[in-house]
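Engineer: fold the stuff below for me.
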Amino acid sequence: KLSIRAAALFKKNYLFMTMSSSSVDEDISAKRRRRNPAQLYSSYLSGSSYDAKLAEEEERLIAQAIANSRIDNRRDDEWLEKNVPFGPTFYPTVEDFRGDPLEYLEKVKHEAVKYGICKIVPPKGWDPPFSVNVDCEKRFQTKDQSIHRLQEGISFGDGTEYTIKEYQRMASDWSKAWRDQHYNALHQVEQLEVKPSVTAESIDEGTAGTEDDSRDTTDYSKNEVTATSAAPSDTHHCSESNVSVSGDAHGQNETCSRQKLKPLMTPANLEYDYWDIVETQRYEIDVDYGNDVDTASAFGSGFPISERGRSVNSSNFQCSQDELPEPEFGTEEYYKETFWNLNNIPNSKTSVLRHVKVGINGINVPWLYFGALFSTFCWHTEDNYMYSINYHHRGAPKQWYGVPGTKEDADGVERVFKNYLSLKLRDVPDLIHHITTSFSPRVLKQEGVRVCKILQNAGEFIVTFPRAFHGGFSLGPNVGEAVNFASHDWLQHGVDANERYRTFARPSVFSHDRLVYTIAHHIEELLTPDICKSLAQELSRLMGEELLMRTKLLKAGVRDVSKEVELPANKLDALDEESADYDDKRLCHSCKHICFFSAVACECSESKVSCLRHSHYMCRCTTKRKYLLIWTTEDEMKETLARVEMRGEQLEKVSKSVSQSSCGVTSNHGSTDGASGSSGDLLHHQTYVVPVEPICPLETEVPALVTSDTSTCD
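Structural biologist: Below is the predicted model:
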């Protein structure tokens, strides 16, 4: 009976999976797998016995901590410039841009990794077509961000839904309102004619760079709001802007005289304004942020789609034509097929994500980000501690901050969260993964965390490294795009992320174990002895724990029914839609780990399974009622490990030189001062006048937004 029940359970799941994947009624875009959204903090409290007095005490302590921060840290205009160094900027050549981005990153990683973040300025001639459908009438959802409360760890509510042009009108009007309130608007016009130009020659002789970092000097607006000469009031007025700005929260109203206004709305001045709001709550500001907009939808990607099947969004994906010669740099075909195109980079020849054949939005399918002045991407690490790459298509710059991906620095960031939000963390242990909190670099450096910053202009890439915390904010209307990738040196970071997720019972975006075994079954793609060694170490670790836990459970009385129940075999050629759907049906009941090799089930349930670590949490039944389901046998594990080790030995004989590929976690505790190429950022940061215009032409008349949101400017 036990065998029949187990077989029926998993065969039923398998048949259901097959039927659902072949349904003709289901829209293709709806079937795309998405990241699990972060659970709102408020949902943890609803319906629970949460003590109201504890909530009041928590809010009081948070307010006190913020007040203490204002007292202890005397702000001055130059603190950020003096104490937060700029991260590295690299200037690849045209030849570098003809090749694989991961190969170029391998060249510069030894310096960039110690900052956790770096900027890449494309060579002269790089000018991809802007492919976003700005005329799309579909609306995207935004997040309503309370900038003055970013240190409190509160969740973001839903903001207004916008079309792209509606959002640009709002963002442009909001920037102009802030400029007119705080800056000498007439002086901005005078300075626009003399804004600096940063080139490769002016920074690092012999390298290639951009002629103009801003890339967006055109006035796209046909209906520009002119600067007012009237004295500003405590509340900013911006017609049609869904941005709420209250006056001085502490009653210290600013003088309205023009003499008090700052002369230029530069990145340095806006950076000071931003952290003044966050740290002192001088103004109460709510901004709508258009994050995580699906590029597989009607909006499209900012890059053109590959016709050689290099993108998950390609109609001929999985039919890659890599045997064809690479197109010439700068041609129309080049921008479709280059792996510097964010649609293609996850599937580059050296990215392990090329084995993930199912579209996962934000992972191997890029997301668009529509930013407005002060809209914030809070401190976070990437899913599964992967690399990320962000491209700034158009508009005002973004101010980025990065922390090295070392254990010491990452632990330091988490200490800051615990010090400020200890009570919230009791109820929401994974609050740090919700991407709703921003602490200033000042607070992080007090905890001994190394922080750098980078100014990203239109036409530039930002790369973040595994486990590196990063965050930042927009300086005005802009649009960017981001996606993940992973090289073979990411494996150990993936292990760390997987273990952390199990601690919080947080589902992973894909099975780490499946990806490792899929890589191992593509022996021909393992090109260096170090890659083989790193992979073999992980295979050995997985096999060691798996066999040890199986032995313990069998000795404890759990029955092995693998010989009686024929389970669907694990597919190891690729992680496709079918495999991902099947993995979703075998999540551990306790830690949400995908049970790839084996699982424990019980006669008391036809749906619950458990990983081998947590079978005792699944139910209260005796071990005699529990049974072990095995997908991967001991012999299969040993054969896989042996093949990888043999491949490593063969490569070692062929090449006696040690590969430059870095295995495991890189730990670099050197100084983060004086980064390569940072002098250009410093000049631009202090002198460039930030544009306030939308990223695309707007119609003369845009209908007033119909919304129930009350956070609009009067």
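Engineer: show me where the stretch 551-700 of the chain has its helices.
Structural biologist: In the stretch 551-700 of the chain, helices defined by DSSP state H, counting those that start in this stretch lie at 577-584, 615-618, 634-654, 678-687, listed in chain order.
Engineer: which of those helices sits closest to Tyr420?
Structural biologist: helix 678-687 (27.7 Å; Cβ to Cβ). No exception for glycine: its C-beta is placed from N, CA and C like everyone else's.
Engineer: Leu628 is in contact with Leu553, isn't it?
Structural biologist: Yes. Counting by Cβ atoms under 8 Å, a contact exists between Leu628 and Leu553, whose distance comes to 6.2 Å.
Engineer: common neighbours of those two, please.
Structural biologist: Common neighbours of Leu628 and Leu553, using Cβ atoms under 8 Å, 6 or more residues apart in numbering, are Val600.
Engineer: grab the most central residue of this structure for me.
Structural biologist: Glu382 (4.8 Å; Cα atoms, centre = their mean).
Engineer: give me phi/psi at that one?
Structural biologist: Backbone torsions of Glu382, given as degrees, to the nearest 10, read phi -80, psi 160.
Engineer: low-scoring stretches of this protein, by residue?
Structural biologist: In the prediction, the chain carries residues with pLDDT under 70 at positions 1-77, 185-260, 318-322, 425, 655-674, 699-714.
Engineer: let's see that with 80 instead.
Structural biologist: Segments of the chain classed as low confidence (criterion: pLDDT under 80) are 1-82, 185-262, 318-323, 422-431, 433, 566, 654-682, 699-714.
Engineer: for the stretch 301-450 of the chain, what spans make up the strands?
Structural biologist: With DSSP state E, counting those that start in this stretch applied, the stretch 301-450 of the chain shows strands at 360-361, 367-371, 376-380, 387-395, 398-402, listed in chain order.
Engineer: so what's the closest residue in space to the residue nearest to the centre of the chain that isn't next to it in sequence up against?
Structural biologist: Closest residue in space to Glu382, ignoring its immediate chain neighbours: Ser388 at 4.9 Å, by Cβ to Cβ, 6 or more residues apart in numbering. By Cβ under 8 Å, 6+ apart, the contact set of Ser388 is 382, 463-464, 482-485.
Engineer: and if we set it to 6 Å?
Structural biologist: If a contact means Cβ atoms under 6 Å, 6 or more residues apart in numbering, then Ser388 has 382, 464, 482, 484 as its contacts.
Engineer: do a quick rundown of the strands in the stretch 101-250 of the chain.
Structural biologist: 117-120, 143-146, 157-158, 244-245.
Engineer: for Asp427, find the nearest of those strands.
Structural biologist: Closest to Asp427 of the strands of the stretch 101-250 of the chain, according to Cβ to Cβ: strand 157-158, at 18.6 Å.
Engineer: partner strands of that closest one and their direction?
Structural biologist: When pairing is defined by DSSP bridges, strand 157-158 lines up against strand 143-146 (antiparallel).
Engineer: take the strand it pairs with, keep the C-alpha atoms, and write them as PDB.
Structural biologist: Listed next in PDB are the C-alpha coordinates belonging to strand 143-146 (Å, rounded to 0.1, in the frame of the first residue of the first chain):
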ATOM      1  CA  LYS A 143       6.000  51.600  -5.500                       C
ATOM      2  CA  ASP A 144       5.200  54.500  -3.300                       C
ATOM      3  CA  GLN A 145       8.500  55.200  -1.500                       C
ATOM      4  CA  SER A 146       8.500  57.300   1.700                       C
END
